[in-house]
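Asker: Kindly generate the corresponding structure for this input.
(one chain, ligands or ions: 1)
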Amino acid sequence: MYDPERNDDIQMLFLLHSFASGDHAYAPLLCSKYGLNYVHACILVVHLKNKGLPMSAAKLFTPTNLLLASLPEKEYENILSLGKLVELSSGDILGQAGKNFHSIYFPVNCTISLISQLNGKTKMEIAIVGPEGMLGLNSLLDVKVSLLNSIVEVSGTALTIDNKVFHKVHSKSTALQKILKNYIFVRLYQFSQTATCNRFHVINARLARWILMAQDCAHFNEFYVTHECLANKLGVRRAGVTQAAGELQKKKLISYKKGHLRILDRKGLETITCGCYQLNKNIYKDIMKAQ
Ligand SMILES: [Zn+2]
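Answerer: Presented below is the predicted three-dimensional model:
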């Protein structure tokens, strides 16, 4: 049985087991909106569900995305009514470089990896899109083809809208145009920061940065990610990942076995990551809050 007085892993499993499939989208929303940690947000969801949600609270629990949540209420509700919530699984391919895309995605509690590929072989992750962003910015520039490969990294929910429908909504909404112009700037900044980071910063620091970013987006302490996948994300050989992950394990910052990566010491990871992690967070906060 779930015991609200306890806060350990077993209790967390009881808690998650009691969630219906759609509930998983609510806790990350509470984390990002109200600054709760993930466990406290889960407890609140279960508590409110057990008591029965009043109408005012039910609205808070509409699964959403931070960009959409910044819109005026009517425009926000309009987009929700035009799109649909879909469950995405790790490994789902949402876009391929050079090919037309037909849907826009606003992650609610999943993450999408944007991958650049050279000669069909060498791969590297350029950015992660989570609940703070959207997939399909090209649509705003009237470009119908994807620039990068887009692959779901952490399974979860996203709101998806047909590209043509979204284009019409965007052309009529000055609020949405402003939010997304700012977001394009943030994304460009992050692309350039990633390029600099990959050239000048050591693998250990970059691996710590990726782990922190993934946790920020998905709010989970644990990920399934293979050596090969991490090598592609960081643009290094598998041996480089093995060595970097080994060093993080020696410092007891993570455990990593057969693809199961668990964060043991988030503060420690923040200490060893490069400054790019905080720079990216700050630019999002500064630019998006300046609306
Ligand atoms: Zn860096």
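
Asker: Residue 70 contacts residue 287, doesn't it?
Answerer: No. Residue 70 is beyond contact range of residue 287, at 11.9 Å (criterion: Cβ atoms under 8 Å). For the C-beta atoms, the positions are set from N, CA and C on the backbone; glycine is no exception.

Asker: For the residue of the stretch 101-250 of the chain found nearest the ion, which residues are in contact?
Answerer: At 3.0 Å from the ion, residue 197 is the closest residue in the stretch 101-250 of the chain, using Cβ to the ion. Residues near residue 197 by Cβ atoms under 8 Å, 6 or more residues apart in numbering: 206, 209, 274, 276.

Asker: what about it, helix or strand, and which?
Answerer: Per DSSP states H and E: residue 197 is located in helix 174-200.

Asker: Quick check, pLDDT for the residue nearest in space to the middle of the chain.
Answerer: For the chain, residue 130 is the residue whose C-alpha lies nearest the centre (Cα atoms, centre = their mean; 2.2 Å). Residue 130 carries a pLDDT value of 89.

Asker: now do residue 39
Answerer: Confidence score, pLDDT, at residue 39: 67.

Asker: now swap in residue 18 and tell me
Answerer: At residue 18, pLDDT is 54.

Asker: Repeat that for residue 101.
Answerer: Residue 101 is assigned 89 on the pLDDT scale.

Asker: And it, how close does it get to residue 161?
Answerer: In this view, residue 101 and residue 161 are 12 Å apart by Cβ to Cβ, to the nearest Å.

Asker: How about residue 151?
Answerer: Residue 151 sits 20 Å away from residue 161, going by Cβ to Cβ.

Asker: Would you map the strands across the stretch 51-200 of the chain?
Answerer: Along the stretch 51-200 of the chain, the segments classed as strands by DSSP state E, counting those that start in this stretch run 84-88, 93-95, 103-107, 111-118, 122-129, 149-154, 156-162.

Asker: Now do the phi/psi pair for the closest residue to residue 252 other than its chain neighbours.
Answerer: Distance criterion Cβ to Cβ, 6 or more residues apart in numbering; nearest residue to residue 252, sequence neighbours excluded, is residue 264 at 5.7 Å. Torsion angles at residue 264 (phi, psi; degrees, to the nearest 10) stand at phi -100, psi -30.

Asker: ok, residue 264 - contacts?
Answerer: Residue 264 makes contact with 252-255, according to Cβ under 8 Å, 6+ apart.

Asker: Let me know the pLDDT of it.
Answerer: Residue 264 carries a pLDDT value of 95.
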